[in-house]
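Engineer: my questions concern the predicted model and sequence given below.
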Amino acid sequence: MHAIVITVVIFLLINFASSGLIKHALSQSHIIATKNYLSYKQREETDSSVIKKLDSGRAIQIRKNRDHLVKIYSTLHILARQMISFSGHEENDQSSNRGNFLEILHWAAKTDSLVQSIFQDSSSNANYLSHDIQNELLHIMSDECR
């Protein structure tokens, strides 16, 4: 008799639970949560999360800035080794003589797309061509020589 009561109670619990589960599975909140989970799972599998995209974009920008600095550094290095002056009287775009540093970079930009991107892609305050940056790079070069 005791086993029959337990069986009936289990049967009633299963029926009650399954009707509640079906009702929950059909609810709007469950459907939205399921879609969100599947979307999350797909992003994780394809490495397309927002943070990963931002990190990869940042890594690309860092690599590009590093490549720009290498070109600028090597231009400064050759001018310093040859004891050639860097700056001209006026260094704006309309000037006929912008100084040796900018003239060499503009000349190199005609055949080197990376140097060309220094002038095109960089914002005016982040292109590493200012006198302050030139002086910092020259100080780094002088520290390497010591």
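Structural biologist: The structure has been received and is ready for your questions.
Engineer: domain parsing for this structure?
Structural biologist: Annotated domains of the chain cover 2-46, 50-145 [automatic domain parsing].
Engineer: deepest of those domains, which one?
Structural biologist: Greatest average neighbour count among these goes to domain 50-145 (a mean of 13), per mean count of other Cβ atoms under 10 Å. Where you see a C-beta, it was placed from the backbone N, CA and C, and this is true even at glycine.
Engineer: pull the distance from that domain to the chain's centre.
Structural biologist: 20 Å (Cα atoms, centre = their mean, to the nearest Å).
Engineer: mean confidence score for it?
Structural biologist: Confidence for domain 50-145, expressed as mean pLDDT, is 84.
Engineer: next SSE downstream of the longest helix seen in the chain?
Structural biologist: Longest helix in the chain, counting residues (DSSP state H): helix 50-81. Helices and strands here follow DSSP states H and E; after helix 50-81, the next one along the chain is helix 100-109.
Engineer: which strands and helices lie in contact with that next one?
Structural biologist: Judged by 3 or more Cβ pairs under 8 Å, 6 or more residues apart in numbering; DSSP states H and E, the packing partners of helix 100-109 are helix 50-81, helix 113-120.
Engineer: who are the packing partners of the longest one?
Structural biologist: Using 3+ Cβ pairs under 8 Å, 6+ apart as the contact criterion, the secondary-structure elements in contact with helix 50-81 are helix 100-109, helix 113-120, helix 131-145.
Engineer: so which of these comes closest to Tyr73?
Structural biologist: Tyr73 lies closest, by Cβ to Cβ, to one member of these: helix 131-145, at 5.6 Å.
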